[in-house]
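K.L.:
sequence unknown, structure follows:
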């Protein structure tokens with residue numbers, strides 16, 4: 001059996017202690033705490049799985065996210081142009097809307113007028129009466145176009161059809177207080193036309209664009225209400241009280 005020197009035995013014991021210490025270090029400490037990260041030689045392996053490793057966290061102030069700007073309008077994203085109105089879409093007051101005090105209507109209302117039937121001016125088998133509207137109010141007003149008219153009996157029932165309108169060019173007639181406008185009421189003489197007739201109690205007259213009417217007592221005798229040549233005609237309003 002070979003004998004080893006003391007110095008040789010001490011060197012072998014020291015080498016074995018170092019080996020045991022290295023083994024304990026690689027396996028971890030006694031309290032379960034893992035050792036520091038080990039540097040592995042070579043390139044890193046690609047990430048696997050569905051995670052988004054390395055993505056920046058999303059926060060409420062992340063650049064590019066729209067936020068509420070003062071006044072309730074959406075903030076503009078960095079780098080984008082400010083919002084503008086779509087072509088053709090209005091951004092202010094609609095065209096045609098009043099921008100100041102609205103002008104008061106100048107139309108004459110029924111309550112501002114008085115109606116009358118002028119003297120008959122017969123000719124060529126025709127009966128011709130001027131229907132007159134007079135401004136009795138304290139302000140200037142206007143009439144335009146045709147009045148409405150109808151013959152009625154004492155009970156207010158209409159006699160015959162509504163008068164027809166003669167062809168004409170309506171014009172606006174301005175009536176100062178006390179001034180008048182007139183329209184012609186014409187029909188064929190019943191004795192000539194042999195139309196069916198009636199004796200009206202009144203003629204009701206409605207100013208242009210109004211619903212309420214005025215009543216004038218009718219004293220000119222019989223009028224056509226049916227049969228041959230029984231139509232009654234009205235002309236457009238003009239200034240004055242007759243032709």
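P.N.:
It's in. Since this is a predicted model, take the numbers as computed values, not measurements. Numbers count the residues shown, from 1 in each chain.
K.L.:
mind listing the strands in this structure by residue range?
P.N.:
Using DSSP state E, the strands found in the chain span residues 113-117, 126-135, 141-144, 148-152, 158-159, 164-165, 172-175, 180-188, 196-198, 202-206, 214-217, 223-226, 232-234, 238-239.
K.L.:
distance to residue 106 and mean neighbour count for the ones you listed - can I get that in a markdown table?
P.N.:
C-beta coordinates here come from the backbone N, C-alpha and C atoms, glycine included. Shown next, in a markdown table, are the strands of the chain (distance: least, Cβ to Cβ, whole Å; neighbours: other Cβ atoms under 10 Å):
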| stretch | distance to residue 106 | mean neighbour count |
| --- | --- | --- |
| strand 113-117 | 14 | 18 |
| strand 126-135 | 11 | 21 |
| strand 141-144 | 5 | 20 |
| strand 148-152 | 20 | 19 |
| strand 158-159 | 31 | 16 |
| strand 164-165 | 23 | 12 |
| strand 172-175 | 8 | 18 |
| strand 180-188 | 14 | 23 |
| strand 196-198 | 38 | 16 |
| strand 202-206 | 18 | 20 |
| strand 214-217 | 19 | 15 |
| strand 223-226 | 34 | 20 |
| strand 232-234 | 23 | 20 |
| strand 238-239 | 15 | 15 |
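K.L.:
make CSV from those strands and add distance to residue 105 to it.
P.N.:
Listed next are the strands of the chain as CSV, based on distance: least, Cβ to Cβ, whole Å:
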stretch, distance to residue 105
strand 113-117, 15
strand 126-135, 15
strand 141-144, 9
strand 148-152, 19
strand 158-159, 30
strand 164-165, 24
strand 172-175, 13
strand 180-188, 17
strand 196-198, 38
strand 202-206, 17
strand 214-217, 19
strand 223-226, 35
strand 232-234, 24
strand 238-239, 20
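K.L.:
rebuild those strands as a markdown table, extending it with mean pLDDT.
P.N.:
Conversion of the strands of the chain to a markdown table gives the following (pLDDT from 0 to 100):
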| stretch | mean pLDDT |
| --- | --- |
| strand 113-117 | 98 |
| strand 126-135 | 97 |
| strand 141-144 | 97 |
| strand 148-152 | 97 |
| strand 158-159 | 96 |
| strand 164-165 | 95 |
| strand 172-175 | 97 |
| strand 180-188 | 97 |
| strand 196-198 | 94 |
| strand 202-206 | 98 |
| strand 214-217 | 97 |
| strand 223-226 | 93 |
| strand 232-234 | 96 |
| strand 238-239 | 97 |
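K.L.:
quick one: end-to-end distance for stretch 200-209.
P.N.:
Its start and end residues considered, stretch 200-209 measures 25 Å (Cα to Cα, to the nearest Å).
K.L.:
what lies in contact with it?
P.N.:
Identification of contacts with stretch 200-209 by Cβ atoms under 8 Å, 6 or more residues apart in numbering yields 107-110, 113, 115, 117, 131, 133, 143-154, 159, 185, 212-218, 223, 237.
K.L.:
helices along the protein, start to end?
P.N.:
Secondary structure of the chain (DSSP state H): helices located at 6-27, 190-193.
K.L.:
would you single out the least confident of those helices?
P.N.:
The stretch with the lowest mean pLDDT among the helices of the chain is helix 6-27, at a mean of 47.
K.L.:
which residues touch residue 170?
P.N.:
Residue 170 makes contact with 144, 145, 146, 236, 237 under the criterion Cβ under 8 Å, 6+ apart.
K.L.:
so who does the last one touch?
P.N.:
What it means is residue 237. Contacts for residue 237 were tallied using Cβ under 8 Å, 6+ apart; they are 133, 143, 144, 145, 146, 147, 170, 173, 181, 182, 183, 208.
K.L.:
nothing else from me, thank you.
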